[in-house]
Structure formats: C-alpha cells, structure tokens
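J.: return atomic coordinates for the entry below.
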Amino acid sequence: MGFFDSEVVQQEAKQLFEDYQSLMELGGEYGKFDREGKKIFIGQMEALMERYQIFMKRFELSEDFMARMTVEQLKTQLNQFGITPQQMFDQMHQTLARMKSEIGD
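T.: Numbering: from 1, shown residues only. A predicted model of the protein is given here:
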C-alpha cells in the first residue's frame, strides 16, 4: 500500500488542512482578541505547527515514492523563496514566540 493510500495519512492530512484553514480565518480577527484569546490562538498555532512538522517527518522517512516526491516538491517551492523547510518552521516558531512576548506571556 502506498503512503497516500493509508486512511490514517489521508485523515491526518485532511484534518491538518481544515485546522489550518480555520485558524487562518480566525487569525484575521487576532487584533480584536483579548489577552486570553491571543494566548489560546498562539497555543493552537503552536500545536498545529508541531503536528505539521511530525506529518512532514513521516513523509521524509517514508520509502514511498510519492511521499518522497511531495517532500522534494516542498523543498523546490521553498527554495524559490530562498529557504529550506526547517527555516520555514523556524520562522513560524519565531513569529509565534514574538507574538507571545507582545502579550507578555
């Protein structure tokens, strides 16, 4: 069975995408959140980033051709912006850390 044929992989990908979409929509209102709301939002973003990193690591460790191709496509796309996947995650974590410091957490 291929990597993408796995029901677990399909469900996790679907859930990650839906959670990301929901948080991005919600993030548009971030400036209107009170301090506690901002803390909750940041915590949810941190959890999502962790899940995404784990998901991508599974792709990297897979022997499946399509999984490997997906990783290579991501690397190629990010390379156009002059960054690696690790740098992307590092930047996301730095942004969240800055957001935390701005609310005094």
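
J.: for this structure, what spans make up the helices?
T.: 7-27, 35-61, 65-79, 85-102 (DSSP state H).

J.: distance from the first one to the middle of the chain?
T.: In other words, helix 7-27. 9 Å (Cα atoms, centre = their mean, to the nearest Å).

J.: give me the helices and strands touching it, please.
T.: If you count contacts as 3 or more Cβ pairs under 8 Å, 6 or more residues apart in numbering; DSSP states H and E, helix 7-27 packs onto helix 35-61. Where C-beta positions appear, they are placed from N, C-alpha and C, glycine not excepted.

J.: in the helix it packs on, what counts as buried?
T.: 38, 39, 41, 42, 45, 46, 48, 49, 52, 53, 56, 59 (16 or more other Cβ atoms under 10 Å).

J.: just want the angle from it to helix 7-27.
T.: 150 degrees (axes from the mean of the first three to the mean of the last three Cα atoms, to 10 degrees).

J.: what pLDDT, on average, does helix 35-61 get?
T.: Helix 35-61 comes out with an average pLDDT of 93.

J.: got it, and stretch 81-101?
T.: Here the average pLDDT along stretch 81-101 is 93.

J.: what's the closest of the buried residues of helix 35-61 to residue 82?
T.: Nearest to residue 82, judged by Cβ to Cβ, of those is residue 56 at 19.1 Å.

J.: before I go, just wanted to say thanks for your time.
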